[in-house]
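K.L.:
Pasting the sequence and the predicted model now:
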Amino acid sequence: MPSSTVENYLKELYAMQLKCEGDLVPLGKLAEAVGVTAGTATIMIKRLAKNGLVNYESRTGANLTPEGERKALNVLRRHRLVELFLVEVVKLDWSEVHEEAEILEHAISDHLLQKIDDMLGNPTHDPHGDPIPAATGEIVKRRLISLADSQLGPATIARISDHSPQFLQFIDEQSLTPGSNLEIINRNDIAETITLSVNKKQFQLGINAAEKIFVLDEST
């Protein structure tokens, strides 16, 4: 099994690739995400390139090779299944499980992970609405749009992108967890707020918060 440091690089690079839409990920941004200097990130990326896990172009950036992506998806699978296990079985609050999973994802074996997957009924999404890769590497894709960009009318929450405990606790208090139904009543571009109705209760939500909440995109 690769070291936890290697796995963290692969996982972050995969996440950033999705945002770059196929372009190489700048090493400065990768270094910031991993929490190291640009020089340290460059040394690691060169090592990963030598091992066939990334493609690296000097002064441009890097992206994952097919083998690197396979390993990154395996890390994400472990992380997200562990999160769901901690919520569903251990009964931890969903605002607590991200940091715990950051530790456990590097220690759990594929054999134990499969047992957890089977016990949970082979779920497709973690507590935050992020897709759980299958053992084969396949990943369920859904059309999502941020609450901030959604049209007025009914919507179903599918994913929360901010995993910080404070934000998740706020989301819980407002009944905005994945699977919840709501209605977007109004949008105030000057005040940068949207008015929501959840469980027959209306309240305003700032656009910054709404950008971290994703709903199913029902548009055609």
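P.N.:
Thanks, I have it. Numbering: from 1, shown residues only.
K.L.:
domain parsing for the protein?
P.N.:
Under the assignment automatic domain parsing, the domains of the chain span 4-64, 144-216.
K.L.:
In TSV: these, plus mean neighbour count.
P.N.:
Using the backbone N, CA and C atoms, a C-beta is placed for each residue, glycine as well. Output for those, formatted as TSV (neighbours: other CB atoms under 10 Å):
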stretch	mean neighbour count
domain 4-64	17
domain 144-216	16
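K.L.:
Just put those domains in CSV and tack on distance to D110.
P.N.:
Conversion of those to CSV gives the following (distance: least, CB to CB, whole Å):
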stretch, distance to D110
domain 4-64, 13
domain 144-216, 24
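K.L.:
rank those by pLDDT, which is bottom?
P.N.:
Confidence, taken as mean pLDDT, is least for domain 4-64 of the domains of the chain (a mean of 92).
K.L.:
Can you check which of the domains of the chain gets nearest to H111?
P.N.:
Closest approach to H111 among the domains of the chain (CB to CB): domain 4-64, 17.6 Å.
K.L.:
any idea how far the closest one is from the chain center?
P.N.:
Centroid separation between domain 4-64 and its chain, computed with CA atoms, centre = their mean, to the nearest Å, is 17 Å.
K.L.:
Repeat that for stretch 198-215.
P.N.:
Here the centre of stretch 198-215 is set off from its chain's centre by 19 Å, with CA atoms, centre = their mean.
K.L.:
export it as PDB, just CAs?
P.N.:
Listed next in PDB are the C-alpha coordinates belonging to stretch 198-215 (Å, rounded to 0.1, in the frame of the first residue of the first chain):
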ATOM      1  CA  VAL A 198     -37.800  24.100   4.200                       C
ATOM      2  CA  ASN A 199     -40.400  22.200   6.200                       C
ATOM      3  CA  LYS A 200     -42.800  25.100   5.800                       C
ATOM      4  CA  LYS A 201     -40.200  27.500   7.400                       C
ATOM      5  CA  GLN A 202     -38.800  30.400   5.400                       C
ATOM      6  CA  PHE A 203     -35.400  31.900   5.900                       C
ATOM      7  CA  GLN A 204     -32.600  33.700   4.100                       C
ATOM      8  CA  LEU A 205     -29.300  32.100   3.100                       C
ATOM      9  CA  GLY A 206     -26.200  34.000   2.000                       C
ATOM     10  CA  ILE A 207     -24.900  33.300  -1.500                       C
ATOM     11  CA  ASN A 208     -21.500  32.300  -0.200                       C
ATOM     12  CA  ALA A 209     -23.200  29.500   1.800                       C
ATOM     13  CA  ALA A 210     -25.500  28.600  -1.100                       C
ATOM     14  CA  GLU A 211     -22.400  28.100  -3.400                       C
ATOM     15  CA  LYS A 212     -21.400  25.200  -1.200                       C
ATOM     16  CA  ILE A 213     -24.800  23.400  -1.400                       C
ATOM     17  CA  PHE A 214     -25.600  21.400  -4.500                       C
ATOM     18  CA  VAL A 215     -29.000  20.300  -5.700                       C
END
